[in-house]
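Peer 1: what's the 3D shape of this:
(chains A and B)
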Amino acid sequence: MSTLASPMVEPTIEPTEAWTLPSRGTVGMAALIVAESAIFTIFVVAYLYYIGKSVSGPTPREVLEVPIFFTICLLSSSLTIHFAGKSLEHNKRSAFLGWWLFTIVLGGLFMFGTAREWYRLIYEHGLTISTNLFGTTYYSLVGLHAFHVTVGLILLTLVLVFGLAGRVRHRHSARVDVLSLYWHFVDAVWVVVFTVVYVIGR
Amino acid sequence: MSSDVMAIPSLRPARQPWVEAAHEWITTVDHKRIGLLYIFYGLLFLVIAGVEALVIRIQLMFPHNDFVSPQVFNRLFTMHGTTMIFFVAMPVLFGFVNYLVPLMIGARDMAFPRLNAFSFWLTALGGALLYFSFIGGSGLYGAGNAPDFGWWAYAPLALKAFSPGHSSDYWTISLLVSGFGSIGTAVNVIATVLCMRCPGMHLGRMPLLAWLALTMAVLLILAVAPLSAAQLMLMVDRYLGGHFFDTQAGGSATLWMHFFWIFGHPEVYVLVIPCFAFVSEIVPVFSRKPIFGYPVMVAATVCIAFVSMSVWAHHMFTIGMNSYANGFFAITTMAVGVPTGIKIFNWLGTMWGGRIVLKTPMLFCIAFLFQFLIAGLTGIMMSSAPFDWQLSLSYFVVAHFHYVIVGGILFAIFGAFHYWYPKVTGRLMSETLGKWHFWLFVIGFHVTFDLMHIPGMLGMPRRIYTYDPGRGWDTLNLLVSLGAFIQAVAVLIFVWNLVFSYWKGKRAGNDPWDAWTLEWSVSSPPPAYNFATIPTVASRRPLWDLKHPEDPDCRYE
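Peer 2: Next comes the predicted model:
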């Protein structure tokens, strides 16, 4: 079927313009964030759908306290990680490490807040995941978010360890930014979870 | 054609010890090998799930048959459905996408080669877990248990009370694990198509296959992520005593149905969009014309993906939604027919006035066009809620979606096998065997699935294990089963063709079909690095430009 007289060579038509493509790290992370958003959406929908449908107590109003301080911690960590990224971009490595460590501390504080809240709910109010629908949806949604914060903290710590070993340099700036993208996402999800669980759900 | 100029001969020794070869395949991050692994894996499960289908059909051949017990029958249709969707159709399509996308956009590999390997092995683990339920389903005490709640796993049936033991847990974990694999693949495809294109390959110059793979990947993310979330909830219910779908504690069984079909319907398009892609590549080459209406094809595909996310509840008309919901989902479902119709029109437009070459890949594509049209028409019949109330859960529905999946998707996949086999192996598949395969499969397909509509309209419900004689279903069921065996013979011929042609097929050279996309510019099989120098393109048909320097496409685009 071939009608070629000459052997096949690679098509080489001269490029007439500069060729730039988006960074695959950013695109990959953005795609992952879309997937994660879809997962969270389903859990949020379930939470909203089941508000007030529990057949037994305790109810959210009785047991939930609004974690203002820890929310401020988590949300401000978005700011500190941004500063960390900017510092690395300007090749200020100690400033980068400082902001990065601060971010981890803030994230850690948030996790401490969640742990304390869960301890109180379980041991003082007897609310577990199997107690009622509120328990099921609350621990699933908040737990799913806490899981993402934990994964984020592990990744951040990994970068910190490399940073302390002097391995995170100016040229890694774009990669560090991909990780901060994930961290910003985790923070943004908390805004939704907070609104749904502590504002609408109470 | 003289032999390869560009391809540097493989430096690997001719005979490798099999341990080393196996080690290379298992640890590979090469997109072509991973693609082939996906395809082998899918074909293996095609045989397993095909045998399950045959057992189902033997059981339904005669009234009051007792070839298998009701319990086994329930397991069979559950495993058949789950396997065919998650471990046959998806892996095979991912395999093609993996193999072809980097070659077509002039890249050396996917954007994330290791993520690619990881995704494949997650999928592989998922399939293994699903079939391990046969052994470990009852916690190793009683052998021979598998999930038996149908592939939707509707709520009360999938919960502890009605599915004791671990068979359902294997099902859940299997789908969760392979779902993460699918999300990984989707992320990879998106990043590859957007970030790895060779110079000159604007979005508007990509082969349609790359465009459709991108659309499929986006849709896949939006479909599989909700399924994973729902599986997590089911696991919370089963393992931790949660109440998501437990109606006695205020939970809702309907919510599971919504979550499942939010995945389930877009999933159909995840499967069919790559098949549109194959047809969009094969039809122009065998009509000797460029694709008709490229921008419209892209727009229609994106439109299908978009609309398909708002049609899910047409699977749930019979649960009693209000008339607004029924109306909304009926209208959106009918609306999908519009962009799909545009695509069929454009394929016909491509063939119109072309010099059609009736080789096996083209035959499968032409059959695809007819059969996918009919499948779409029965779909539009059922999108009308009152009609659906009458025929939902009947064999009419079974016939409809098998018409889509077998008559549409599987035919396009067979076409793709015949079309790209020479690129993968360096040898052409036998045309004689291919035509036997095609005609037997067409006959078997129509005997089975055309006739299957009729018992559905006569009232035969799906998933029944046997039926009384004298309801007018007997002869039809016998014929349907016979058709299934004709299809099985055709598939055996296909498998034989795959094996036989690998050793004895005619040498293909780089470009046996005189095609126009970049994968045909490299040797067959392509070298590990794909392109010795990254090509530059100036039109949608770079190889046309190369073969016809006096009249290149780039002058007109």
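
Peer 1: Excluding chain neighbours, what is closest to whichever residue of the stretch 351-500 of chain B sits closest to chain A?
Peer 2: Using CB to the nearest CB, the closest approach of the stretch 351-500 of chain B to chain A is made by B:Val357 at 7.5 Å. For every residue, glycine as well, the C-beta is placed using N, CA and C. Nearest residue to B:Val357, sequence neighbours excluded (CB to CB, 6 or more residues apart in numbering or on different chains): B:Phe286, at 4.6 Å.

Peer 1: How many residues are close by that neighbour?
Peer 2: B:Phe286: 27 surrounding residues under other CB atoms under 10 Å in any protein chain shown.

Peer 1: Tell me who's in contact with A:His184.
Peer 2: Counting by CB atoms under 8 Å, 6 or more residues apart in numbering or on different chains, A:His184 touches A:Ser78, A:Ile81.

Peer 1: three-state assignment of B:Met90?
Peer 2: Recorded secondary structure, B:Met90: helix (DSSP: H, G, I helix; E, B strand; the rest coil).

Peer 1: Can you read off the pLDDT for it?
Peer 2: Confidence at B:Met90, expressed as pLDDT, is 96.

Peer 1: Run a quick neighbour tally on the residue of the stretch 351-500 of chain B closest to chain A.
Peer 2: B:Val357: 14 neighbours (other CB under 10 Å).

Peer 1: same check, this time on B:Gly181
Peer 2: 24.

Peer 1: so which strand or helix has it?
Peer 2: helix B:167-195 (DSSP states H and E).

Peer 1: Then A:Val44?
Peer 2: helix A:24-49.

Peer 1: In that helix, which residues are buried?
Peer 2: Across helix A:24-49, burial judged by 16 or more other CB atoms under 10 Å in any protein chain shown covers A:24-47, A:49.

Peer 1: Residues of the stretch 401-550 of chain B that sit close to chain A?
Peer 2: When proximity is defined by CB under 8 Å from any CB of the partner chain, the stretch 401-550 of chain B lies next to chain A at B:509-514, B:518, B:521, B:531-533, B:535-538, B:542-543, B:545-547.

Peer 1: Now, of those, which are buried?
Peer 2: When these are checked for burial by 16+ other CB under 10 Å, the buried set is B:509-514, B:518, B:521, B:531, B:535-538, B:542-543, B:545-547.

Peer 1: thinking again about what came up before, show me the residues of the stretch 401-550 of chain B next to chain A that map onto helices.
Peer 2: Using DSSP state H, B:Pro542, B:Leu543, B:Asp545, B:Leu546, B:Lys547 are the members of those that sit in helices.

Peer 1: lowest-pLDDT helix or strand in chain A?
Peer 2: helix A:60-63 (a mean of 94; mean pLDDT, DSSP states H and E).

Peer 1: which residues touch it?
Peer 2: A:Ile51, A:Leu121, A:His125, A:Leu127, A:Phe134, A:Tyr138, A:Val197, A:Gly201, A:Arg202.

Peer 1: picking that back up, switch the ones in helices among the residues of the stretch 401-550 of chain B next to chain A over to JSON lines; also include pLDDT.
Peer 2: Shown next, in JSON lines, are those (pLDDT from 0 to 100):
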{"residue": "B:Pro542", "pLDDT": "93"}
{"residue": "B:Leu543", "pLDDT": "93"}
{"residue": "B:Asp545", "pLDDT": "92"}
{"residue": "B:Leu546", "pLDDT": "91"}
{"residue": "B:Lys547", "pLDDT": "92"}
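
Peer 1: closest to B:Val489 among the residues you listed?
Peer 2: B:Leu543 (37.5 Å; CB to CB).

Peer 1: isn't that closest one right next to B:Trp520, touching?
Peer 2: Yes. Assessed by CB atoms under 8 Å, B:Leu543 is found in contact with B:Trp520 at 6.0 Å.

Peer 1: For A:Ser130, the count of nearby residues, please.
Peer 2: Neighbours of A:Ser130 using other CB under 10 Å come to 16.

Peer 1: What does the pLDDT read for the nearest residue to it once chain neighbours are set aside?
Peer 2: Closest residue in space to A:Ser130, ignoring its immediate chain neighbours: B:Gly241 at 3.2 Å, by CB to CB, 6+ apart. B:Gly241 carries a pLDDT score of 93 in this model.

Peer 1: Please apply the same query to the one 10 residues further on.
Peer 2: The confidence metric pLDDT takes the value 94 at B:Gly251.

Peer 1: now it: how far from chain A?
Peer 2: B:Gly251 sits 6 Å away from chain A, going by CB to the nearest CB, to the nearest Å.

Peer 1: Need the residues that contact stretch A:71-90.
Peer 2: A:93, A:95-96, A:98-100, A:102-103, A:106-107, A:109-110, A:113, A:149, A:156, A:168, A:170, A:172-173, A:176-177, A:180, A:183-184, A:187, A:190-191, A:194.

Peer 1: An error on my part: the question was meant for stretch A:94-106.
Peer 2: Residues outside stretch A:94-106 that contact it (CB under 8 Å, 6+ apart): A:73-74, A:76-77, A:80-81, A:83-85, A:87-88, A:153, A:156-157, A:159-160, A:163-164, A:168, A:183.

Peer 1: Rebuild the ones in helices among the residues of the stretch 401-550 of chain B next to chain A as TSV, extending it with distance to B:Thr78.
Peer 2: Listed next are these as TSV, based on distance: CB to CB, whole Å:
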residue	distance to B:Thr78
B:Pro542	47
B:Leu543	46
B:Asp545	51
B:Leu546	51
B:Lys547	51
